[in-house]
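*Asks:* the following comprises the amino acid sequence and a computationally predicted model.
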Amino acid sequence: EEEGYLLTLIRYIHLNPYRAGMVKNLSELNKYKWSGHIGMLSRKRQPFHDVNEIMERFSGKRDYLQYMLDGMKGEKEDLEGGGLIRSMGGIGRALEARRDGIKDKYDSRILGSGDFVGEIWEKLEEKGAQEKRLSLEELVGRICRYCEVDVRKVLDWRKQKGTKKAKALISSIAQRTFKMSGVEIGKRLKLTSSRISQLKYAGEKLLEDRACSLAIAQLVS
C-alpha cells in the first residue's frame with residue numbers, strides 16, 4: 001500500500017545473496033547473475049523485470065546503488081505486516097489499543113494499513129468464490145474417505161456412531177472454504193442449521209491440528 005514498502009521489499013530480495021554469504025560486497029553483487037539486482041543495472045535484464053517501474057523512483061543508478069549499500073550497512077528493513085501493529089506504531093501500542101477495545105484488521109502477509117488488509121481480504125474472497133469449487137457431493141465423498149467412514153452413514157439422518165468427525169469437517173470446510181450456507185449443508189446431511197453450526201465449530205477445532213489441516217488441504221485442492 002505504501003510507497004516505502006515497494007523499495008524496502010526490492011532491497012530485501014536483492015540483498016538475499018549478500019545475507020546468505022554468496023557475495024561479499026556490492027561490487028560482487030553487481031556481477032551476481034542469479035539476482036534481480038543485476039537486471040536493475042541493465043546488465044542481465046529478464047522479460048519479467050519491470051526495471052523502469054523501480055528506477056523511476058531513484059535519481060539514477062548511483063542513487064539506487066547507494067540505497068542497496070545502505071541496506072548492506074545494516075539500515076533497518078521495515079517489512080512488518082499490515083494492520084493493527086503497524087498502524088498503531090508498534091506491538092506495545094497495539095496491545096494497549098486492544099486492551100482499550102480498539103480493533104483493526106491484521107495479516108502479517110499483507111503490507112499496509114488495516115483498511116488495506118480488509119480490501120485485500122475482500123478481493124481474495126471474491127476471487128475464491130468465482131473459482132471452480134468442489135460440489136458438496138464431492139466434498140462429502142473425499143472427507144468420508146479421509147475419515148474412513150461410509151458415506152451412507154454420514155448422510156443418514158439417524159445418529160450414526162463414528163460419523164461426527166466427518167460431519168464436523170464437512171460443515172467447517174463447506175462453509176469456510178467453499179462459502180456454502182448452513183442451510184445447504186443441513187439439507188444434504190439431514191441436520192438442522194443449529195446442528196451444522198455446532199459441527200462447524202467442532203471442525204474448526206479439528207483443523208487446528210497441522211497434520212489434519214494439511215491432509216484436508218490436499219483433498220480439497
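*Replies:* Yep, it's here.

*Asks:* C-alpha from now on. contacts and neighbour counts both.
*Replies:* Fine.

*Asks:* pull the distance from stretch 204-216 to the chain's centre.
*Replies:* Chain-centre distance of stretch 204-216: 17 Å, with C-alpha atoms, centre = their mean, to the nearest Å.

*Asks:* same check on stretch 13-22?
*Replies:* Centre to centre, stretch against its chain (C-alpha atoms, centre = their mean), the figure for stretch 13-22 is 24 Å.

*Asks:* for stretch 29-45, how far is the first residue from the last?
*Replies:* Using C-alpha to C-alpha, to the nearest Å, one end of stretch 29-45 lies 15 Å from the other.

*Asks:* got the buried residues for it?
*Replies:* In terms of neighbour count (16 or more other C-alpha atoms under 10 Å), stretch 29-45 has its buried residues at 29-30, 32, 35-41, 44-45.

*Asks:* and what of stretch 214-221?
*Replies:* Of the residues in stretch 214-221, Ile216 count as buried by neighbour count, 16+ other C-alpha under 10 Å.

*Asks:* what's the mean pLDDT across that stretch?
*Replies:* When pLDDT is averaged along stretch 214-221, the result is 83.

*Asks:* ok, back up a step: so which of the buried residues of stretch 29-45 belong to strands?
*Replies:* Nothing among those maps onto strands, per DSSP state E.

*Asks:* of these, closest to Glu184?
*Replies:* Using C-alpha to C-alpha, Gly36 comes nearest to Glu184 of the buried residues of stretch 29-45, at 49.2 Å.

*Asks:* test my guess that the closest one contacts Pro47.
*Replies:* No: Gly36 is beyond contact range of Pro47, at 11.2 Å (criterion: C-alpha atoms under 8 Å).

*Asks:* hmm, back to that, now render the buried residues of stretch 29-45 as a markdown table, adding pLDDT and distance to Glu122.
*Replies:* Compiled in a markdown table, the buried residues of stretch 29-45 are given as follows (pLDDT from 0 to 100; distance: C-alpha to C-alpha, whole Å):
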| residue | pLDDT | distance to Glu122 |
| --- | --- | --- |
| Leu29 | 95 | 39 |
| Asn30 | 93 | 40 |
| Tyr32 | 91 | 40 |
| Ser35 | 86 | 33 |
| Gly36 | 88 | 31 |
| His37 | 92 | 33 |
| Ile38 | 90 | 36 |
| Gly39 | 89 | 34 |
| Met40 | 90 | 34 |
| Leu41 | 88 | 38 |
| Lys44 | 70 | 38 |
| Arg45 | 71 | 35 |
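
*Asks:* in the protein, where's the longest helix?
*Replies:* Using DSSP state H, we find that the single longest helix of the chain is helix 114-130.

*Asks:* what comes up buried for whichever helix or strand Glu53 is part of?
*Replies:* For Glu53, the element it lies in under DSSP states H and E is helix 51-55. Neighbour counts over helix 51-55 (16+ other C-alpha under 10 Å) mark 51, 55 as buried.

*Asks:* ditto for stretch 159-176
*Replies:* Of all the residues in stretch 159-176, those buried under the rule 16+ other C-alpha under 10 Å are 163-175.
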